[in-house]
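Peer 1: Kindly return the folded structure for what I paste below:
(2 chains)
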Amino acid sequence: MVSKRKKKFTTGEGAQFMTRKAALKKLQLSLNDFRKLCILKGIYPREPRNRKRAQKGKTGIKTLYHVKDIQFLLHEPIIWKLRDYKIFNKKVGRARAVRDFEKLNRYLNNHPTLKLDHIVKERYPTFIDALRDLDDCLTLCFLFSTFPSLAHVPRDQSALCRRLTLEFLHAVIEAKALRKVFISIKGYYFQAEIKGQTITWIVPHHFSFTPHSKAEVDFKIMSTFVEFYTIMLGFVNFRIYHSLNLFYPPKLSSAIQADAEKALVDEDIFVSERVAALNFPLTKTSNEVVEDDLEIDSFQTGEEDADKIEEAKKEAERIRTLKTLFKGLKFFLNREVPREPLVFIIRCFGGEVSWNKTLFVGSTFDENDESITHQIVDRPSLEKQYISRYYIQPQWVFDSVNARQLLPVNKYFMGEILPPHLSPFIDKERDQQYIPPEEKALYDPTLLEEQHKKDEKMGEQGESEEEESASDKDEEVNDEEDSENEGSDDKEETEENLSGKKPKLSVSVGEVYKEVPWEKNRQEKQEYRLREKMVKNKHKKLYKSMMAGRKERAKEIWLLRKKRRLHDEQDKKPKKGQRKTKNGSATPTKKTKKQKSQ
Amino acid sequence: MGKKTQNQAKRKLSEANQQEVQVQADKESNEEDEENLLNVVNGEEVDSSDSDRELEESDDEADQLAEEEPETDLEGLSDEDSEEETEDEQNSEGESVEEGENDELGNEESKTKQTSRDITLSKVPDEYEEHDTSDEEDIRNTVGNIPMNWYDEYKHLGYDWDGNQILKPDTGDQLDNFLKRMEDPDFWRTVKDPQTGQNVVLSDEDMQLIKRIRAQKIPDVSFDEYAPWIEWFTSEVEKMPLRKFPEHKRSFLPSKHEAKKVSKLVHALKMGWIKTRAEQEKLRAKKEPQFYMLWQTDDQSEEMRRIHKHIQAPKRLLPGHAESYNPPPEYLFDAKELKEWNKLKDSPWKRKLHFVPQKYESLRKVPAYPRFIKERFLRCLDLYLCPRAIKMKLNIEPESLVPKLPSPKDLQPFPTVLAIEYKGHTDMVRTISTDKSGQYLLSGSDDCTVKIWEVNTGRCLKTITTNSVVRSVEWCPNAALSLVLVASGQEVLVVNPHVGDFLVNSKTDTILEEAPKSDVIVTERVRTTVQWSEPDDTQRERGVRLLLKHFKEVSQVTWHGRGDYFASVMPDGQNRSVVISQISKRRSQLPFTKSKGLVQYVLFHPTKPCLFVATQRHVRIYDLVKQSMLKKLLTNSKWISTMAIHPGGDNLLVGTYDRKMLWFDLDLSTKPYQTLRLHGTAVRGVAFHKRYPLFASGSDDRSLIVSHGMVYNDLLQNPLIVPLKRLQDHKAFNDFGIFAVHFHPLQPWVFSSGADGTVKLYSN
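Peer 2: Below is the predicted model:
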């Protein structure tokens, strides 16, 4: 018997993949429906190992889906819903065309709805998985919550997004889970840690919506994403609320409701407004304290582990202090300050906050409250100022959170030129990256101390010179940085000096063998360069590209450093000029400033 | 034509019975008559589904009349007209939004809100007394309603009532126009009447009218927008009926028609086809997403069918300092960087940053990021459209790719410093050689001389001039003979240098004194290739003992290990390019009958009777006894320049013009054991040390690289190759660097000869 000849592409990679066209044919869906289905079900094309084989010998680049994925879609019940939609649209279209409005209304009232609960569960097997994937969800929902009603976007979607995001913010406040914040030109970055997962989201700045043409941005696609994300976020919220012993549709404590003197016209609106204020604690189902900071037990395993545990303990301690960073502080927000992000941050770290009553509902105290410790302002001057509080710019709050301690306020006073705002998301472990001097000072408190000492010394020498030191501060940081880089060389030099001193005891002055300091280095470098040529042919390209990358990074660092140096020089020049002109008047102004700050 | 102004408005359903206003001003009015009507626009919210019911009504007044006639219907339907007319435009547009449908089934969904704001009537009593109709307005031109440009060619513009031509007025030129503009105070209010072509000066009233229209006020000044409401039909129940006859019985009986409708509705309600408002509310609430505890635990998953081999989408990169609203100053772009950034507009993926860093003084000045939505959209596209695959990321340091080799310090001794320079040649020194004891150095140069140096002092002992460029020299390996081979042009000279042991020198001379007799007949082929001859006196004076005249230029000569035979290479000689000569018998032979390519270099095996012949691409090994080829080594390079053989005889080093050095382990394979790319340019000289495990190579990049090349006795262990030192002292000359490399036979020293006319000795 002759065995049948095997056809090509019936096994292996050729049989594993399917082009999009084939998938559409198999599923009997239109491209739009297929797209929607893919978005909702989280199906994506796959990159094959061998494209030619996967495309069954066809050239060009095609969108390839895994056959198993398509089969998975084949069994999806919402395909039928999509088909229902098709029928529904036809019916509605017909009723409208023949002007049968009675029918039309009936159809419109009974439109088919997609139920996505099972998809959420299917895409995220565990709660942790859902949390891990929350970044895009939150960012998109925050964006959509600012949208007006748009064509092709369901009307209540933006309202739903707003509701869910606010609920999420409340959960973060209650869990005190916020860790890092950052004001970028794109928006506010927030990073929270829930159940060990870091979740980063962006809240856009005000007035983020701008109309876009369809070629540029297809809101329909984004809306489909949001459709899924809202469901997912709702379930995540529910679970977080549950684990925090909160009622899920958030409830405010009855005391607040009692405060409202008038009879409520609409209680729902009243509550939702108070929820949007972010300023009231939610009622709990029980008074049990959810204790999630567990003491890390130390097992005696190994030294490395011990180090790690020590590190983890320190980190935990730092986070504990961070959670109560603003405890006991009372903030008042001026009306030009973005309310929502600041209220969120301050409440996350245990501070009390309020604002002008006319600005938004939910203010708890007035501006004339004497117990206010900080007033956050974002204007150059203010007419009426209270002596009992600091008038600071909003960046202080953000920088303090990132530094995990209350920073000295004097750099952030009203009208002051702010120090640079640094990103907290820089990975410190990565080598070959530029660290601006401000960040260096942040991580290495000794640097700051040294600076302070220097400042003090200078201060003792004379107040007139104080100014100079202040202007030179940055420079000094720079110098230190440079010295670190050349540290190895310096050390050698010092050694030489020592060896040079020693022969004092000897009778005759011997000829000191003077080793050229860079000779050894040069030698080693040369040897390495020869060894480098012995890299295997197979790895040569890789090695070259890696070295090129390293070189490029070094160049970038060099460039940044140079720019900084030029900038500092530029800064220094006019100051010196000024000092010459107003040598006498400098001291009194300084004094007055000091008094103010006290 | 008469204009009928009519207004009709109805209030909300609840108020419908209260009032009905009907205004009829049946009088005909002139066209000049100002509109005394403020239309009432109903503030109806037309549902998007109902938008197609919007009708645009033409300004055909007859139609309007017809539509507006059934003004008396008093049913719950609301019917509103809006009418708007502007006088300055020819077409008055009346738009009426008609809401003809009212849901008879009591569908509360239709959100029809009706507000009728104002209904007024103005009575201007004797406006039409002068002229009866609008037809009778003062028309002088009788041509009718035709385009007036038909008269463009004529002097006149239609005819008056008497049939006389109406002449066009003088239009005047630009200058006239300008003068008029300057002089005539009424110029700005002068307009041209298209019908008569005459200029008409607008009166004050006309101006007033235009101003009011422009200000979107009612043109008529006298019209009172806020006139007191006149209740034509009071809301109070009158005591007396309006009509003198009683109500008909029909009006007291329930309508059958309505009863039918009601029963239909009730049936529909019962069957659940239509819903009450409360029910609808409930249903709507149900349609809103309901949330519940979807995951019972944090980290235990339920068994269900899921996506096959899920690959998670990577998270977005977190922002760096450059993205801050107030970054450190060094992150801001300077003019050059900004230009670069803008230049890459068409290929944004090449940009270093995808945004331009910005600095704002304070938070209130930070605007919304214009690309935010676009970026989110692109992320969405990536999530569902971008093919995913798991890529293993290489997380290694580049240093780990560099092979671990023993440190050069542990492999001493090897030459490291420049010890002696041998200066004296005036041109490139192509070739060098030492005697067996390592006392004397021999060098041949392009200045047609051969010099003999004392190695330790650097003194030139002797200079032998030749007739042509010296391409190759070699000292006889036999210590009992004091002989040197010199390839100079087409000649190969056998020279007694007369240095060193006097006895040996004189003995050598005596041996070479007379030619041995032989009866072997030299074949024609050999005779035409090489001719042995005795040197003349001048040459003998210089030390030349034998002279071999070749038919082509000799590029290389090499001794056999015993010092009796030597081989000479003529690359242009085709199948006669290699000649092997024997000094004791003064005889030559041509080992090859066929040319296998351009012969570059030949070498004798140090111990076996083998000959290595390097052509351009290959190295062939011949057995001289069996007269057969043993091996053919594949070099994988374009052009071989030189060769050196390890004193053990099992390893061969080949230098090529394409920058490579190939180490062949002859026992291992015919392919190179290792390819070394130590040099940047063509390799011109390679050499093995006779005692130490060292080899060296010199190239056109002026560098001499000394390497450790250890060959083990154990056959299983591969040779160890470690580059040790790069020495770069020669000067470049005509793009040439080093020509020849030679090791001292006893010490770990190396000589190199360069294009700069010097020979250098490096010692440890």
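Peer 1: In space, what's closest to A:Met546 - neighbours in sequence excluded?
Peer 2: Setting aside the residues directly before and after it, A:Met546 is nearest to B:Pro398 in space (C-beta to C-beta, 6 or more residues apart in numbering or on different chains), at 4.0 Å. For every residue, glycine as well, the C-beta is placed using N, CA and C.
Peer 1: Same question for B:Ile452.
Peer 2: B:Lys462 (4.3 Å).
Peer 1: A strand includes B:Glu236, no?
Peer 2: No: counting by DSSP: H, G, I helix; E, B strand; the rest coil, B:Glu236 is not found in a strand; it is coil.
Peer 1: Could you count how many residues lie near it?
Peer 2: 8 (other C-beta atoms under 10 Å in any protein chain shown).
Peer 1: cool, B:Ser669 as well?
Peer 2: 12.
Peer 1: same thing with B:His267?
Peer 2: Residues near B:His267, counting by other C-beta under 10 Å: 11.
Peer 1: Show the model's pLDDT score for the residue nearest the centre of chain B.
Peer 2: Closest to where the C-alpha atoms of chain B average out (C-alpha atoms, centre = their mean) is B:Ser347, at 5.2 Å. As predicted, B:Ser347 sits at a pLDDT of 91.
Peer 1: so who does it touch?
Peer 2: If you count contacts by C-beta atoms under 8 Å, 6 or more residues apart in numbering or on different chains, B:Ser347 has none.
Peer 1: where does it fall, phi/psi-wise?
Peer 2: Main-chain torsions, B:Ser347, degrees, to the nearest 10: phi -130, psi 70.
Peer 1: Tell me the spacing between it and chain A.
Peer 2: 18 Å (C-beta to the nearest C-beta, to the nearest Å).
Peer 1: can you check B:Ser482 too?
Peer 2: In terms of C-beta to the nearest C-beta, B:Ser482 sits 39 Å off from chain A.
Peer 1: thought that residue was touching B:Phe502?
Peer 2: No: between B:Ser482 and B:Phe502 there is no contact under C-beta atoms under 8 Å: 9.5 Å.
Peer 1: Have a look at these two and say which one is more surrounded.
Peer 2: B:Ser482 (26 against 10).
Peer 1: show me what contacts that one?
Peer 2: B:476, B:496-501, B:504-505, B:508.
Peer 1: Considering those residues, which possesses the most neighbours?
Peer 2: Busiest of those [other C-beta under 10 Å] is B:Cys476, holding 25 neighbours.
Peer 1: Which residue, neighbours along the chain excluded, lies closest to that one?
Peer 2: B:Cys476 sits nearest to B:Leu483 (C-beta to C-beta, 6+ apart), 4.0 Å away.
Peer 1: for B:Leu611, same thing?
Peer 2: Nearest to B:Leu611 is B:Tyr622, by C-beta to C-beta, 6+ apart, at 4.7 Å.
Peer 1: list the contacts for that neighbour?
Peer 2: Counted by C-beta under 8 Å, 6+ apart, B:Tyr622 has contacts B:591, B:610-611, B:613, B:628-630.
Peer 1: So it lies in a helix, does it not?
Peer 2: No: secondary structure of B:Tyr622 (three-state DSSP): strand, not part of a helix.
Peer 1: What's the separation between it and chain A?
Peer 2: B:Tyr622 sits 31 Å away from chain A, going by C-beta to the nearest C-beta.
Peer 1: Write down the beta-bridge partners of that residue, one by one.
Peer 2: B:Leu611, B:Met629 (DSSP bridges).
Peer 1: Spell out which parts of the stretch 251-400 of chain A neighbour chain B.
Peer 2: A:336-338, A:378-379, A:393-395 (C-beta under 8 Å from any C-beta of the partner chain).
Peer 1: For burial, what's the neighbour tally of the residue nearest to A:Met546?
Peer 2: 18.
Peer 1: Mind naming the longest helix for chain A?
Peer 2: Counting residues, the longest helix found in chain A (DSSP state H) is helix A:537-581.
Peer 1: mind listing what the spatially most central residue of chain A touches?
Peer 2: In chain A, the centroid-proximal residue (C-alpha atoms, centre = their mean) is A:Tyr189; its distance is 3.9 Å. A:Tyr189 makes contact with A:180-183, A:200-202, A:425, B:318-319, according to C-beta under 8 Å, 6+ apart.
Peer 1: confidence score at it?
Peer 2: With respect to pLDDT, A:Tyr189 has a value of 97.
Peer 1: For it, what are phi and psi?
Peer 2: According to degrees, to the nearest 10, A:Tyr189 has phi -90, psi 130.
Peer 1: give me every residue that touches B:Asp658.
Peer 2: Neighbours of B:Asp658 in contact, by C-beta under 8 Å, 6+ apart: B:637-639, B:682.
Peer 1: Can you tell me the SS state at it?
Peer 2: Going by three-state DSSP, the state assigned to B:Asp658 is coil.
Peer 1: Over to B:Arg702?
Peer 2: Quick answer, by three-state DSSP: B:Arg702 is coil.
Peer 1: And the pLDDT at the closest residue to it other than its chain neighbours?
Peer 2: Excluding its sequence neighbours, the residue lying closest to B:Arg702 (C-beta to C-beta, 6+ apart) is B:Gly737, at 3.6 Å. Confidence at B:Gly737, expressed as pLDDT, is 92.
Peer 1: Neighbours of B:Gly737, how many?
Peer 2: Around B:Gly737 there are 26 residues (other C-beta under 10 Å).
Peer 1: now swap in the one 3 residues further on and tell me
Peer 2: With neighbours defined by other C-beta under 10 Å, the count for B:Ala740 comes to 24.
Peer 1: So it sits against B:Arg430, correct?
Peer 2: Yes: counting by C-beta under 8 Å, B:Ala740 touches B:Arg430, with 6.6 Å between them.
Peer 1: Could you tell me which residues touch both of the two?
Peer 2: Common neighbours of B:Ala740 and B:Arg430 (C-beta under 8 Å, 6+ apart) are B:Ser753.
Peer 1: tell me how far the ends of stretch A:383-390 are from each other?
Peer 2: Start and end residues of stretch A:383-390 are separated by 14 Å (C-alpha to C-alpha, to the nearest Å).
Peer 1: typo on my end, stretch B:556-566
Peer 2: 10 Å.
Peer 1: contact partners of that stretch?
Peer 2: Taking C-beta under 8 Å, 6+ apart as the rule, stretch B:556-566 contacts B:471-478, B:480-481, B:483, B:485-487, B:492, B:567-569, B:580-584, B:601-607.
Peer 1: In strands, which of those residues fall?
Peer 2: B:471-475, B:485-487, B:492, B:567-569, B:580-582, B:601-604 (DSSP state E).
Peer 1: which ones among the contacts of B:Ser482 are found in helices?
Peer 2: Using DSSP H, these in helices are B:504-505, B:508.
Peer 1: possible to save those residues as a markdown table with pLDDT and distance to chain A?
Peer 2: Listed next are the ones in helices among the contacts of B:Ser482 as a markdown table, based on pLDDT from 0 to 100; distance: C-beta to the nearest C-beta, whole Å:
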| residue | pLDDT | distance to chain A |
| --- | --- | --- |
| B:Val504 | 89 | 42 |
| B:Asn505 | 89 | 43 |
| B:Thr508 | 88 | 43 |
